[in-house]
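Participant: Fold the following and give me the result.
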Amino acid sequence: YIKLPKGLKLLPKDTFRNCCSLKQLIFEGFPPNTIPDDVLISDGVFSGCASIIELKLPNKLNVIKKYTFFGCRSLQRIVLPEGMTQIKKSAFQLCDSLKTIFIPNSIEKIDYCAFMECKSLEKISGLERSQIEKLSNDTFKLCINLREIHLPNNLKHIGAGVFYSCHSLRTIKLQIALEEIGMCAFEECYSLQSITLPPNVKRIEAHTFKYCSSLQQVNHYHFIESIGTSAFYNCSRLHGFQISKKTTELGDWAFAFCHSYEEAEIPSMVMKLPDGLFEGCTLLSKVTLPDHIKTIPANCFKDCKSLK
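Facilitator: Numbers count the residues shown, from 1 in each chain. This next block holds a predicted model:
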């Protein structure tokens, strides 16, 4: 442990960085691991403090700076104060023991990688009442035990890789305000079974649902204009997806190895078939093509054993 003097106002950048054995922080006149309200916390102050189990943050804290708790692998309990507005880059990355966290409704921004690789994180509460309009890239990437999350009503943008390899995420409701889902956003979400895309989502980006092996149903409002490369690659149980008539572009291997996909109609606005579009779709038995399609790539229907 370490004792800090009364009246201390600032913890400078990287103050306790890589103090791997530090368990207790004692400010004079306060309980252990309680940071007084008038103390400012700079970037990376507790980065690599792998033995700290809990901390009480200042009630007046507005921003958790970047890398503040990076690699605090034993951190189990932390309360984010009401009035906080921002969680910066990689603030809680690699907090392996953190199981739950409550997001105050005052939060307006969570920067990229904020909770990346929090491998014990199961539940995130309060996010739905926050003011967040964008989830930055890789926010919850590799949170392999994340089971439950409710997104903010005002959310408009889900960045690239936000839920990448969230293996335990079974269901998620995308709010009506959502306009954009970044590439790889749900890649390797092995437990995700169904999802409904809001009407303002016009593109399914590359690798969005790649390797979502439990995904059976993707509902949408038929406003999808493009489906990116490997968007549904190896979604082996996917059977309920109808390509929108407004779709103009299909990416290479968009539906490759969707073993349960049985029937497809290519919209008239698609000018050419991409490589490997339905490769390995072993149950695909019927495909309707527009009259203007004259060339079919050699591997477009490779190993489609049920196609007649």
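Participant: how long is stretch 71-82 from one end to the other?
Facilitator: 24 Å (C-alpha to C-alpha, to the nearest Å).
Participant: Buried residues, that stretch. List them.
Facilitator: Across stretch 71-82, burial judged by 16 or more other C-beta atoms under 10 Å covers 71-75, 78, 80-81. The C-beta positions use only the backbone N, C-alpha and C, and glycine is treated the same way.
Participant: out of those, which are inside strands?
Facilitator: Among these, the members found in strands (DSSP state E) are residue 78.
Participant: could I get the buried residues of stretch 71-82 as TSV with distance to residue 228 and pLDDT?
Facilitator: As requested, those are exported to TSV (distance: C-beta to C-beta, whole Å; pLDDT from 0 to 100):
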residue	distance to residue 228	pLDDT
71	34	98
72	36	98
73	36	97
74	40	98
75	37	97
78	37	93
80	35	94
81	40	94
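Participant: tell me the contacts of residue 97?
Facilitator: 53, 73-76, 120 (C-beta atoms under 8 Å, 6 or more residues apart in numbering).
Participant: let's go with 6 Å and repeat that
Facilitator: Residues counted as contacts of residue 97 (C-beta atoms under 6 Å, 6 or more residues apart in numbering) are 74-76, 120.
Participant: Throw those into a markdown table and include distance to residue 230, thanks.
Facilitator: Formatted as a markdown table, those follow (distance: C-beta to C-beta, whole Å):
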| residue | distance to residue 230 |
| --- | --- |
| 74 | 38 |
| 75 | 36 |
| 76 | 37 |
| 120 | 30 |
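Participant: Let me know the closest of those to residue 42.
Facilitator: residue 75 (18.2 Å; C-beta to C-beta).
Participant: Let me know whether that closest one touches residue 94 as I believe.
Facilitator: No. Using C-beta atoms under 6 Å, residue 75 makes no contact with residue 94, being 9.8 Å away.
Participant: Quick check, residue 279 in contact with residue 255.
Facilitator: No. Residue 279 is not in contact with residue 255 according to C-beta under 6 Å; the separation is 8.5 Å.
Participant: which of these two has more neighbours?
Facilitator: The residue with more neighbours, out of residue 279 and residue 255, is residue 255; 26 against 20, by other C-beta atoms under 10 Å.
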